[in-house]
Every structure is written in structure tokens, then in C-alpha cells.
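Engineer: Quick one: sequence plus predicted model below, questions after.
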2 protein chains.
Amino acid sequence: MARRVSFDELNRFAVSAFTRVGVSEADAITAADVLVTTDAWGVFTHGTKCLAGYLRRVKAGGLRPRGVPRVVAEGGAWATVDGDSALGLVTSVFAMQTAIAKAKQQGIAYVGVRNSCHFGGAGYYTWLAAREGLIGLSMANDIPSVAAPGSRGAIIGSNPISYAVPAGRHRPVLLDMSTATVAGGKVYAARMRGEPIPDNWLVGADGKPTTDPSGYPQVGALQPAAGHKGYGIALLIETLSGILSGAAFTWRVGNWMWDDGTQPTNHGAAFIAIDTNAIMPAAEFARRMEALVDEIHAAPLADGAERLRLPGEIEWDRHDRAMKQGILLPPDVVGMLADVAAEFGMMLPLQVETPSTWSQPTQEPPSTDLTKHP
Amino acid sequence: MARRVSFDELNRFAVSAFTRVGVSEADAITAADVLVTTDAWGVFTHGTKCLAGYLRRVKAGGLRPRGVPRVVAEGGAWATVDGDSALGLVTSVFAMQTAIAKAKQQGIAYVGVRNSCHFGGAGYYTWLAAREGLIGLSMANDIPSVAAPGSRGAIIGSNPISYAVPAGRHRPVLLDMSTATVAGGKVYAARMRGEPIPDNWLVGADGKPTTDPSGYPQVGALQPAAGHKGYGIALLIETLSGILSGAAFTWRVGNWMWDDGTQPTNHGAAFIAIDTNAIMPAAEFARRMEALVDEIHAAPLADGAERLRLPGEIEWDRHDRAMKQGILLPPDVVGMLADVAAEFGMMLPLQVETPSTWSQPTQEPPSTDLTKHP
């Protein structure tokens, strides 16, 4: 059942959990903010749902609770960061801050990351840049789960990419997407419901598109978004995250959830920051972005459409609501957090939210007023 | 009818045509190489087919034959280039060369471009970077032709993006894609054949997906590739090309083919170069890229698939054949070039290629040996 929790309570819970496995207070605060902000955006697949998995790897030793990410090589507008097998969240914040600092000097900067792990939601890091008036890009590789046009099985990760652009009086434009057509979770959910899927989600055992999810994930691989386009972008992400950083790439990356927890996964990631203030007067950039956003908001709507949105608007609306009314956690996240609470003897004050007709992690939560459900 | 022409003959023809409207010899050579190389890759929609349109704009005054692109603002790892309404091809080569030079100093560089025009094939510029051992990215905006999820009509350009990555003993990995599902030309071709189209190519007058191309391009707009993903990437391209460069954006961009030829179109573009040699020893980067390419080449194939390719392999195969056997120009390009030849009293030695079963511009030409068709 879905449960409501305040941002701060959930944050404290996550900080506490991280510190109980030996993560420093400072790093725990950093990591918790990544996860809970991601939940507040409604991206529940990459928020505190991942907490249990991270804690398990820390306890097993594959993630080092006192690992210290550091710059191991650098130039004017670039750096390579070795994550020292610290939490991917901590390493990624450090890497984006490094990119921001260098971009403020040079206009743009690239930071490649190795010896990292799953980095959670890609959007948090680009928001760090946009918050300071910079354009941010973040991306990461992962073990292959996505087919290429013509391959029988997976050959590349679902390699996520995010960007955020400050937009004057509007919230930053913020995209966070994988390069697969859909997340594996959506295929699996269709399997659980016994329903067929669109023919551009999955390839079957023969490598051909299928509408039958019944064998997934044991059989088949996800399809790249827009075929060769998503495949091509995934390869660019692999290059910038996995190849140029010196990290593991494709099958050499460890599975952060299922592989031997005692070993590092050596995920790669890449962060790019562009300082718009260095390149154009801040007021002019803001005015131009506002004009772009306003123009799109004012454009004629398709029949049946209610609004035309910029990337991130749905997430910002959820974020606003979450800060006022608490975050309505879907049942699967509640279950994961309950396991963490039980293991560490912790309490998480969750409010019952009934009746809940809401079961899809990425679906819009009902806009229930919390004050009516004391 | 398709016609075969040698790379050098076609190049001389294009150089000659440019100089006849007042473009300097040096700029004509630069621009011709962009167009003919793009033809050699088989990307005929963006090669010498565009020549007639560029010449028309030069003659009308909207493109300045002696325009001189220059850096109008710069910092350590960035520059803004004003194209001075020179040929977009000339301005783009200058901009990418500027990005390459700065990246060699700083590791990465961004160059935004304003007062440019249609820049032809995005892949040429990224290949310039890859040829020198750098990763290149190029992108540009254009007048809106693509809908957003929920919009009734077009709100954003088909904004192309290309990247190229040097890959050791392999040819550079080279992707050149638009952010629409398909090119408008494919929709129009289906209309001409009276055939229905897949439901993710076009929206109709009501803004909803349609399989009926009969009204296009007067009615409807292209759909973004992979829905909100292609839309989101198109907005990033608009930001880096059109907003941050100070160029025109969305509806403010001129239509290079149909608008008043006396006026500049003020297209924007963006170029990013990353010097892999600054970041990682050249041999190590090459070895890692080779391992990635080799791994993909060796991956199991889907039923019916003959080969698993990296982006650019089809184009490089065509390029090799074109250099040996000449470029087999599709009928629409032949027609455009014949018009240019007639207008300027020029000769283009085209060899008849019969029988030609090949009429699709982007289709693989038959691998006919030129020596058998004297």
C-alpha cells in the first residue's frame, strides 16, 4: 500500500541508514539528498528504493563506506575522478561539483568517473549545475540490457542521460531519460499482468521484436529508443562514461544489485557543465530561455491534450506537492524501506494513504490534500 | 535516372559553381568538400542536392559570398562565432576548427554559432574532429517541423545531432541523426506512392498520430523520435545551438529553401570537441575503443540479421565504394545538378547507369563495378 512521508523524515531515515553501515555523516547527507530529491520528483525507481541495495553492498565490502573520490588527472577544462568505490551518489556529486568549478573558469568542463557504482537518478546532478546557473549534463553506463538493431541479445546498457538548463523565472528544463524504449520494470509489470506489450519494447530469444513479455527478464532484451538512434546515443554515453574515464564498459561493469557484493562494480559516468554566464550575459540567457518556454506553453494543443510541457515540468509539479504534502511512496518502495527499517531497528513514520488506486511507480500520484487524511 | 560521377569531378563541379556566384576559391573548396563527402557517405538529402538552394540564396543576397565567420567572444574553452551570413558549410568548418584548437588546449571546448544558415550534413564536422583524434559533436537548429507530445503542430526543428569518435584501427564511430522519427522526405514519398505510414511518423491536423500522409507537408507535423525523448534532445540542441549562441531560435529561424532569399536565416549551431589524447594516453583510448567495436561485431545476431554494425559503418562502406567506383547519384540529385549546370553553362560528366533499380535516396546503391560500364 502507498504511504505518505515528509521529505525531511525520509531524508533523516536515509541519512541514519547510511551512517549505520559506516558512511560518514557528510557523505550520508549528500547521498540521502540525491535519493529523496529523486523520490520527490516522482522518479521512484531511482530514489530510496535503491537504499537497501546500496546498504547491502556497503556491508559486503564492494562499496567502501569511507571511500574518498578524488581527481586523479586533470587539465584546464577536464578531470578524471576515481570514485574509490564510494557510494556512486557521493562520487557523482563530487564529480559534478568539479565540473561546475572548472566550467566557471573555462566556460565548459568534462569530468569522467571510474570506480563508481550505480549513481541513482541522473537528474539530481544536472540540477546541481542548473541551480548555479549552469547547463549540466550527466550520463552513466551499466551492464548491458539493451539490444542493438540486429543483435540477438543485450549488447549495451540502458545508459541514462540527463540535462538541465536554467530557464529564468521558470524552473530549470530537466530531462532524465534512458536510451532504451522503456524501463525493464514496465516490461516486467506487463508480464505480471499477463498483457502483451508494444512491439518496440523488447526483442525475444531470436533477437526479433516481440509483443510477448512472458519470458522477461530471463529471455530477451530491451529495444533501444527509436532503434538506431537510441543505440547510437547509448554508444556515445558508453564512450564518455566508460571508455574515456578508464572505467569498466559493457559486460565488464558489475551488476550492482545481483553480482557478488564483495567486489566493486566499476561503473563509469560523465559530467559536463557549461557556464552560460561566461558565454552570454545572464539576463539575456534568461530572457531567451523564458521566451522559448513561454512560446511552447502558448502553442496550440492537440485534441485531448491539456497542457504542453517542457521536460521536467511534471517532476517539478510533483516536487512542489511533495514539499508541501509529503512524498506518496508507492508500495514497492514502502516494502524496501520497511526491510531496511527492520534490519537496522529503525523507525520510519509512514502515514497510511487509503484508498490507494495508485500502483505504478512512475504514475502521477493522486493530488490528495494531506490535511484531509490526518 | 541515377548517374555515376567521380568524387573529384563532382567536387570540381561544386567548387566551380560556388565561385561563379562570388564565393572565394578557398571557401568554395571547403564547402564543396562538405557536400561531396556527404554524398559519398550516401546521405544524398544533405549533399550536392542542396547546392542549387545555396546558390540561389547567394545570388539573392541572403547568403554573403564573401562573408567572413569570426570569433566575436571567447574564453578558455568556449567561443561564439558570428557567421556573417557566409555559407553555413564554411562557417561550420571554421567553428569546428575553433573548437578543436581550444580542446587541444583545455581538453574540451564548446563553440556556439549565430548568423549561419543550413549547415548540410552534421557528420562532416564531427569527422573533422575524429580525423585529428578528438571526439566531435555537432548540432544545429532549424525552423519548426516537429511536434511535441501534446502539441497540435510543429513547435521545434528536426534539430540534427552528430558525433564521431576515433576508434583505433577501425573507422570512426559516426552517428548523424535528426531528432524526428523520420525525415519529412520519407513521409512525402509515402504520400506520392499513396501508401499509409507507421503511426509514429506524423501527427495530423488535430495533433494526433496518423497513418495518412496525404496532406503532408501542408497539413501535419513530424513526430519526435521516441516521443518525449526526441523532443527533449531537440530542446537541448535548440538551447546549445540557438539560445546560447545568440542565434535565432524556433520560428525566428528563416526557411533556407523557401523564405525570402534576400534575408539571412540566422540559423544557430553548436560544436563540441573533446581531446581524448589530453585525457587518456592515445594507445589506451584506441585499445579500449577497438575492444568495444570488436565486442559488438562479435555479438550474436538476431535471426535474419547479417551483421551488427556500429554507427557510421554503412556510410564508410559507401564512402570506400564511392572513392573507387564513383558516387551513384539518385535521380533527384541528378535533376538538381542538371539545373545548376544549365543555369551556369557548366558541364558535369555523368555516366549513365542502367538498368537502375535504385530510386530511394538513402538506399544502398548496387555494388556495380564501374570498369564494366565504360
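Structural biologist: Thanks, I have the structure now.
Engineer: In chain A, where is pLDDT below threshold?
Structural biologist: A:354-374 (pLDDT under 70).
Engineer: what sits against the residue nearest the centre of it?
Structural biologist: With distances taken as CA atoms, centre = their mean, the residue of chain A nearest its centroid is A:Gly121 (1.5 Å). Counting by CB atoms under 8 Å, 6 or more residues apart in numbering or on different chains, A:Gly121 touches A:Val34, A:Thr37, A:Thr38, A:Trp41, A:Val43, A:His46, A:Gly47, A:Ser162, A:Asp176. Any C-beta I mention is one placed from the backbone N, CA and C, and that applies to glycine too.
Engineer: hang on, isn't the second one packed against A:Tyr124?
Structural biologist: Yes. The pair A:Thr37 and A:Tyr124 passes the contact test of CB atoms under 8 Å, sitting 5.6 Å apart.
Engineer: higher neighbour count, these two?
Structural biologist: Using other CB atoms under 10 Å in any protein chain shown, the more surrounded residue of A:Thr37 and A:Tyr124 is A:Tyr124, with 29 against 21.
Engineer: State the phi and psi torsions of that one.
Structural biologist: With angles defined as degrees, to the nearest 10, A:Tyr124 sits at phi -60, psi -40.
Engineer: As CSV, the contacts of A:Gly121 with secondary structure would be great.
Structural biologist: As requested, the contacts of A:Gly121 are arranged in CSV below (DSSP: H, G, I helix; E, B strand; the rest coil):
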residue, secondary structure
A:Val34, helix
A:Thr37, helix
A:Thr38, helix
A:Trp41, coil
A:Val43, coil
A:His46, helix
A:Gly47, coil
A:Ser162, strand
A:Asp176, strand
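Engineer: Report the two of the residues you listed separated the most.
Structural biologist: A:Gly47 and A:Ser162 (14.6 Å; CB to CB).
Engineer: Give me the more crowded residue out of the two.
Structural biologist: A:Gly47 (27 against 23).
Engineer: Now do the same contact list for that one.
Structural biologist: A:Leu35, A:Val36, A:Thr38, A:Asp39, A:Gly120, A:Gly121, A:Val333.
Engineer: Could you report the distance from it to A:Ala40?
Structural biologist: 8 Å (CB to CB, to the nearest Å).
Engineer: Tell me what angle the longest helix along chain A forms with helix B:88-106.
Structural biologist: Using DSSP state H to define each element, chain A has its longest helix at helix A:88-106. Inter-element angle recorded for helix A:88-106 and helix B:88-106: 110 degrees (by axes from the mean of the first three to the mean of the last three CA atoms, to 10 degrees).
Engineer: Point out the other elements, helices or strands, that the helix or strand just after helix A:88-106 touches.
Structural biologist: Sequence order places strand A:108-116 as the next helix or strand after helix A:88-106, per DSSP states H and E. Packing partners of strand A:108-116 (3 or more CB pairs under 8 Å, 6 or more residues apart in numbering or on different chains; DSSP states H and E): strand A:78-82, helix A:88-106, strand A:267-275, strand B:108-116.
Engineer: on that earlier part again, which one of the contacts of A:Gly47 is nearest B:Glu238?
Structural biologist: Of those, the one sitting nearest to B:Glu238 (CB to CB) turns out to be A:Gly121, at 24.0 Å.
Engineer: returning to that earlier point: rebuild the helices and strands packed on strand A:108-116 as JSON lines, extending it with distance to A:Pro217 and mean neighbour count.
Structural biologist: Listed next are the helices and strands packed on strand A:108-116 as JSON lines, based on distance: least, CB to CB, whole Å; neighbours: other CB atoms under 10 Å in any protein chain shown:
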{"stretch": "strand A:78-82", "distance to A:Pro217": "31", "mean neighbour count": "24"}
{"stretch": "helix A:88-106", "distance to A:Pro217": "22", "mean neighbour count": "25"}
{"stretch": "strand A:267-275", "distance to A:Pro217": "19", "mean neighbour count": "30"}
{"stretch": "strand B:108-116", "distance to A:Pro217": "37", "mean neighbour count": "29"}
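Engineer: Just tell me which of the ones you listed ends up closest to A:Val340.
Structural biologist: helix A:88-106 (15.8 Å).
Engineer: wait, A:Leu87 sits on A:Leu63?
Structural biologist: Yes. With contacts counted by CB under 8 Å, A:Leu87 reaches A:Leu63, the gap being 6.1 Å.
Engineer: Quick check: neighbours shared by those two?
Structural biologist: Going by CB under 8 Å, 6+ apart, residues that sit against A:Leu87 and also against A:Leu63 are A:Tyr54, A:Cys117.
Engineer: Show the contacting residues for the closest residue to A:Thr250 other than its chain neighbours.
Structural biologist: Distance criterion CB to CB, 6 or more residues apart in numbering or on different chains; nearest residue to A:Thr250, sequence neighbours excluded, is A:Pro144 at 5.5 Å. Under the criterion of CB under 8 Å, 6+ apart, the contact list for A:Pro144 reads A:Ala154, A:Ile155, A:Ile156, A:Gly157, A:Ala221, A:Thr250, A:Trp251.
Engineer: so who does the fourth one touch?
Structural biologist: By CB under 8 Å, 6+ apart, A:Gly157 lies in contact with A:Asn141, A:Asp142, A:Ile143, A:Pro144, A:Ser145, A:Val146, A:Ala234, A:Glu238, A:Thr250, A:Val253.
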